[in-house]
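Colleague: Need a 3D model of the following:
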Amino acid sequence: MNTLPQQLANGLLLGSMYGLIAIGYTMVYGIVQLINFAHGEIFMTGAFGALTVYAYILPHGTSMWAAVPLMLIGGAIVAVLVAVGAERFAYRPLRQAPRLAPLITAIGLSLALQEVVRNFYPGADKARSFPSLDTTHDLGAVTIKDADIFLIIAAIVCMSSLAYFVRKSRTGRAMQATAQDPDTAQLMGIDTNRIIVIAFAIGGLFAAVAAVSYGLKYGNVDYRMGFLMGLKAFTAAVLGGIGNIYGAMLGGVVLGIAETLASAYINNIPGMQQLGGQSWANVWAFCLLILVLLLRPQGLLGERVADRA
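Modeller: As a prediction, this is how the structure comes out:
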């Protein structure tokens, strides 16, 4: 039990990263009823965009505190361009098609992005080193790094800004109207194509923030990193209630804490010594998803968007 505060902190940090990515899934689904399975690769391209700024643009020896904002900008530009390009050229032509068509397209786009990065980014066929923030701070029984502080601050700022944007801005209210009934919103003068592009762009931006946080925390990036992180983020979105931006962050935090506690403590239960550790973390995360879907299929906060199929 002495390690419980540290494990809770680790789970909160991991869940915040899941939540930032999950918001991209839930915003797109809430507006166009599309599960964008390429979103994990948008997260991955954001990481390589940030790495490009650090490795090839900034002068050698640049302070990390000066480099991180520029890396965020670079990663955000790449991720947003990829997200908006995917919407414009892959998903928009299929908007009136049966749901299976954009779903297969998303899977194909995911694989294509992986292969593009693997084949054309220098050294991307194996893990690339990423600058990290490793200075540690002791807060009672909890030890955190500078990268963890960056992640928590970024998650709070992003979530607060998104909540304000959706509730208070004209574009945010237009997004809510489009999510409720796109046809009526269009009749009322809302440019639904523009709203959908903005939703993809915000998802790409948040994915880039999560990607930079990932690199700063773990010290490396890989062209395959988006697959599992994207799958976990999708799990978080479903767990919290897909279509609900607050549910996405809540689902991410719940998933992160559950995964961390299970991997740390379940092997202390008699007869379950072989089922603990980091190698089983993914198994317990998806077991939690199955349990929630059985007991509360709409997710923890409920699905706010009605099925328009």
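Colleague: Please make it C-alpha for all contacts and neighbour counts, starting now.
Modeller: Fine.
Colleague: Check which helices and strands the lowest-mean-pLDDT helix or strand in the chain sits against.
Modeller: One helix or strand of the chain scores below all others by mean pLDDT, DSSP states H and E: helix 281-295, with a mean of 85. Counting contacts by 3 or more C-alpha pairs under 8 Å, 6 or more residues apart in numbering; DSSP states H and E, helix 281-295 is packed against helix 225-240, helix 245-265.
Colleague: Quick one: end-to-end distance for stretch 187-198.
Modeller: 19 Å (C-alpha to C-alpha, to the nearest Å).
Colleague: rewinding a little: want to throw the helices and strands packed on helix 281-295 into TSV with distance to residue 66, mean pLDDT and mean neighbour count?
Modeller: Compiled in TSV, the helices and strands packed on helix 281-295 are given as follows (distance: least, C-alpha to C-alpha, whole Å; pLDDT from 0 to 100; neighbours: other C-alpha atoms under 10 Å):
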stretch	distance to residue 66	mean pLDDT	mean neighbour count
helix 225-240	26	93	26
helix 245-265	28	91	25
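Colleague: Now render these as a markdown table, adding distance to residue 176.
Modeller: Shown next, in a markdown table, are the helices and strands packed on helix 281-295 (distance: least, C-alpha to C-alpha, whole Å):
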| stretch | distance to residue 176 |
| --- | --- |
| helix 225-240 | 18 |
| helix 245-265 | 11 |
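Colleague: quick one: low-confidence parts of the protein?
Modeller: Filtered on pLDDT under 70, the chain yields the residue ranges 1, 271-277, 303-309.
Colleague: residues touching the residue nearest the centre of it, list them.
Modeller: Centroid-nearest residue in the chain: residue 21, 0.9 Å away (criterion: C-alpha atoms, centre = their mean). By C-alpha atoms under 8 Å, 6 or more residues apart in numbering, the contact list for residue 21 reads 39, 40, 43, 203, 206, 207, 210, 230, 233.
Colleague: My read is that residue 105 contacts residue 90, right?
Modeller: Yes - with contact defined as C-alpha atoms under 8 Å, residue 105 counts as touching residue 90 (7.0 Å).
Colleague: Contact partners for residue 278?
Modeller: 263, 264.
Colleague: contacting residues around the least confident helix or strand of the chain?
Modeller: For helix 281-295, using C-alpha under 8 Å, 6+ apart, the contacting residues are 235, 238, 239, 255, 258, 259, 260, 262, 263, 299, 300.
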